[in-house]
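A.B. asks: only geometry, no sequence info:
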C-alpha cells in the first residue's frame, strides 16, 4: 500500500537523488540564463582609471565662475594626460580618463555655450561643488580581486554585464537540464485532431514542457503512451537516448485499474500519497543510468502544482542553482477558504495589484482555464480552522 507522507518529505527524497551537472566553460556572451558554478572575481579595477562621469570640462581647483583657456580635447578611449593648470580646462567626454592635474568636471550645461562653446576658451557659469565632482574614481565600483557574482545564481543580462566589465571573458556554468515529458492515457489525442466519444485533447505535455522551459530546462522529448503495454519503459529508453536528465510522466500513478506508470515501473519508482491537494498521488525514482523519474497526476492542475513543488526544484538543483523556489509573499485572500486538517492546499489565484499597499489574491476556477488565469499559488496549511476572507496567506508567484 502507498505510504502517506508530507510534502517536505517527498521533496527531500527527490533532492537527495539529485547529482548536480558537471560545470562547463562558456563565453560570457553565451552564458545568459545559465547557473554560475564558481564565483567570479574581478580581473581589473572598475573603472580602471579616474574617468569623467559627464560630458564637460576638466578643471583644476576652480572655486568660482571664470573664463578658462581650453588646452586639450579628450574623447573616450584617449590615452592622453595633458597638464591642466589653474585658469585652464580640458574638454572631456563621458568615460574619458581625467587628467592627473584636474580635480573636478564641469558639465557642459554649467558653461556658456556648452558643447558649442568652442575649443579655445570656456566660461564656467557654475563652479564645481568641490574636489572630485563628476569624477568616477578608479576602483570605485569594483576593485581587482573582489567578488563580482557569487556561485549558484542564474546569470541575467545585468550580471553578465558586470562580469564582462570586470574583465572576465569566460565563466563556469551548468548546461541546461534536459527534460523529457510523457503523457499517459489511451484517451489522449493531439490537440486539434478530431475526437470521438471518450477522447480528449492531450495538453499535459504542452503544459509541463512549458513549465520546464520556464525553469531553465531544455526539452529533448515529448511523447504520449497508452494505458496498456510497456510504453513508459520505451519512453524512458528514448529519453535516455536523447540525453534526458529527467523524465516527467503525467497520469498513470493513482489507484485505478489502468495506471500504466505504476503498473510497469514499480522496480524503478516509489509511489506515495502526499498530504497535499491537488496532487496527492506522486511517483519518483531513478534509473540505473541516473535519470530522474517523476510520476505526476494526470489532472492538469494537479500536474502543474506537482511540477512546481517537486520537479522545478530538481531542475534547478541539477543546474546548481542556490535558489530552488520562487518568490513568495503574504497576500490577503479575497474570500474565505475551508482548511483541511490532514493536507496542505495549493490554490491557483489571481493577484489584484490595484492597491499597491494591499494586494489581494482571488482564487480562480478549478479547471485549466482558471490555471491559465492564475499568476500564483496560495498555500493553505493544514488546520482545523478555516481561512477567513481578508486573512493573509502565503502566495508563491508564478
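C.D. replies: Okay, I see it. On a predicted model such as this, the values are computed, not experimentally measured, just so you know. Residues are numbered from 1 along each chain as shown.

A.B. asks: Angles on the backbone of the closest residue to residue 145 other than its chain neighbours, please.
C.D. replies: Nearest non-adjacent residue to residue 145, counting by Cβ to Cβ, 6 or more residues apart in numbering: residue 41, 5.7 Å away. Backbone N, C-alpha and C define where each C-beta goes, glycine included. Main-chain dihedrals, residue 41, degrees, to the nearest 10: phi -110, psi 150.

A.B. asks: For residue 41, give its distance to residue 140.
C.D. replies: Residue 41 sits 17 Å away from residue 140, going by Cβ to Cβ, to the nearest Å.

A.B. asks: The two: who's more crowded?
C.D. replies: residue 41 (16 against 13; other Cβ atoms under 10 Å).

A.B. asks: residues touching the more buried one, list them.
C.D. replies: Counting by Cβ atoms under 8 Å, 6 or more residues apart in numbering, residue 41 touches 145, 146, 147, 148, 166, 168.

A.B. asks: Give the burial count for the second one, as a bare number.
C.D. replies: Burial of residue 146, expressed as a neighbour count using other Cβ under 10 Å, amounts to 13.

A.B. asks: The residue nearest to residue 145 pairs with what?
C.D. replies: Under DSSP bridges, the beta-bridge partners of residue 41 are residue 147.

A.B. asks: Before we move on, what's the pLDDT of it?
C.D. replies: Looking at residue 41, its pLDDT reads 98.

A.B. asks: start the count at 39, not 1, going forward
C.D. replies: Sure, I'll start counting at 39 from here, so that last one is residue 79.

A.B. asks: Any figure for the gap between the residue nearest to residue 375 when sequence neighbours are not counted and residue 417?
C.D. replies: Once flanking residues are discounted, residue 375 sits nearest to residue 425: 4.3 Å by Cβ to Cβ, 6+ apart. Applying Cβ to Cβ, the value for residue 425 to residue 417 is 10 Å.

A.B. asks: Find the residues that touch each one of the two.
C.D. replies: Joint contacts of residue 425 and residue 417 (Cβ under 8 Å, 6+ apart) are residue 431.

A.B. asks: Give me the buried subset of the contacts of residue 79.
C.D. replies: Buried subset of the contacts of residue 79 (neighbour count, 16 or more other Cβ atoms under 10 Å): 186, 204, 206.

A.B. asks: Can you classify residue 67 by secondary structure?
C.D. replies: Of the three states, residue 67 takes helix under DSSP: H, G, I helix; E, B strand; the rest coil.

A.B. asks: one step back: compare neighbour counts for residue 425 and residue 417 and give me the winner.
C.D. replies: Taking neighbours as other Cβ under 10 Å, residue 425 and residue 417 compare with residue 425 leading, 20 against 16.

A.B. asks: that older thread, pretty sure the residue nearest to residue 375 sits against residue 432.
C.D. replies: No: counting by Cβ atoms under 8 Å, residue 432 is not a contact partner of residue 425; they are 11.2 Å apart.

A.B. asks: How about residue 381, nearest residue that isn't a chain neighbour?
C.D. replies: residue 313 (4.4 Å).

A.B. asks: right, I mislabeled it, should have said residue 45
C.D. replies: Nearest non-adjacent residue to residue 45 (Cβ to Cβ, 6+ apart): residue 314, at 5.4 Å.

A.B. asks: For the one you found, list each beta-bridge partner.
C.D. replies: Legend: beta-bridge partners of residue 314 under DSSP bridges are residue 382.

A.B. asks: If the residue nearest the centre of the chain is in a bridge, with which residues?
C.D. replies: The C-alpha lying nearest the average C-alpha coordinate of the chain belongs to residue 192 (Cα atoms, centre = their mean; 6.1 Å). Under the criterion DSSP bridges, residue 192 forms beta bridges with residue 73.

A.B. asks: got it, and residue 284?
C.D. replies: Note on residue 284: beta-bridge partners residue 217, residue 330, judged by DSSP bridges.

A.B. asks: where does it sit relative to residue 227, distance-wise?
C.D. replies: From residue 284 across to residue 227, the span is 25 Å (Cβ to Cβ).

A.B. asks: now do residue 142
C.D. replies: Here the distance between residue 142 and residue 227 works out to 74 Å (Cβ to Cβ).

A.B. asks: what does the model give residue 390 for pLDDT?
C.D. replies: On the pLDDT scale, residue 390 gets 95.

A.B. asks: how many neighbours does the closest residue to residue 97 other than its chain neighbours have?
C.D. replies: In space, and not counting its chain neighbours, residue 97 is closest to residue 127: 5.0 Å by Cβ to Cβ, 6+ apart. Residue 127 has 28 neighbours, counted by other Cβ under 10 Å.

A.B. asks: Which secondary structure state does residue 127 sit in?
C.D. replies: Secondary structure of residue 127, per three-state DSSP, is strand.

A.B. asks: thinking it is in contact with residue 144, fair?
C.D. replies: Yes: shown here, residue 127 and residue 144 form a contact pair, counting by Cβ under 8 Å, at 7.4 Å.
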